[in-house]
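S.K.: Sharing a model prediction with you, sequence too.
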Amino acid sequence: MSLHNEIKQLIIDCLDLEDVSIDDIETDAALFGEGLGLDSIDALELGLAIKKRFDVKIEANSEATKAHFYSVANLASFIESQRA
């Protein structure tokens, strides 16, 4: 499974998005607001899940973190950069 799809599945599982499939989540679309419509509570849960699953350190409330969480593509880039 690609990292993008792994992140999408993690989003679905961690946030209990029962009516959403991997194909419903666009890689470059916004996860918050107009895109997938996630909120700040979802962000916290997703952040914890990503930290646990990929063993990456996430700074809470930083502008960089907001940018990383913009889309699945941004999250994948961030995770890859942390693994290097």
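M.R.: Ah, there it is.

S.K.: Contacts made by the lowest-mean-pLDDT helix or strand in the chain with the rest, please.
M.R.: Ranking every helix and strand in the chain by mean pLDDT, DSSP states H and E puts helix 63-68 at the bottom, with a mean of 89. Identification of contacts with helix 63-68 by C-beta atoms under 8 Å, 6 or more residues apart in numbering yields 47, 58-59, 74-75, 77-78. Just so you know, the C-beta spots here come from the backbone N, C-alpha and C atoms, and that holds for glycine as well.

S.K.: if you set the cut-off to 6 Å instead, what comes out?
M.R.: Helix 63-68 has contacts (C-beta atoms under 6 Å, 6 or more residues apart in numbering) with 58-59, 74-75, 78.

S.K.: Which residue is the nearest non-sequential neighbour of Asp39?
M.R.: Phe32 (7.0 Å; C-beta to C-beta, 6 or more residues apart in numbering).

S.K.: can you give me the helices for this structure?
M.R.: In the chain, helices defined by DSSP state H lie at 3-14, 40-54, 63-68, 72-83, listed in chain order.

S.K.: Throw those into JSON lines and include mean neighbour count and distance to Ile22, thanks.
M.R.: Formatted as JSON lines, the helices of the chain follow (neighbours: other C-beta atoms under 10 Å; distance: least, C-beta to C-beta, whole Å):
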{"stretch": "helix 3-14", "mean neighbour count": "18", "distance to Ile22": "5"}
{"stretch": "helix 40-54", "mean neighbour count": "15", "distance to Ile22": "15"}
{"stretch": "helix 63-68", "mean neighbour count": "13", "distance to Ile22": "20"}
{"stretch": "helix 72-83", "mean neighbour count": "17", "distance to Ile22": "10"}
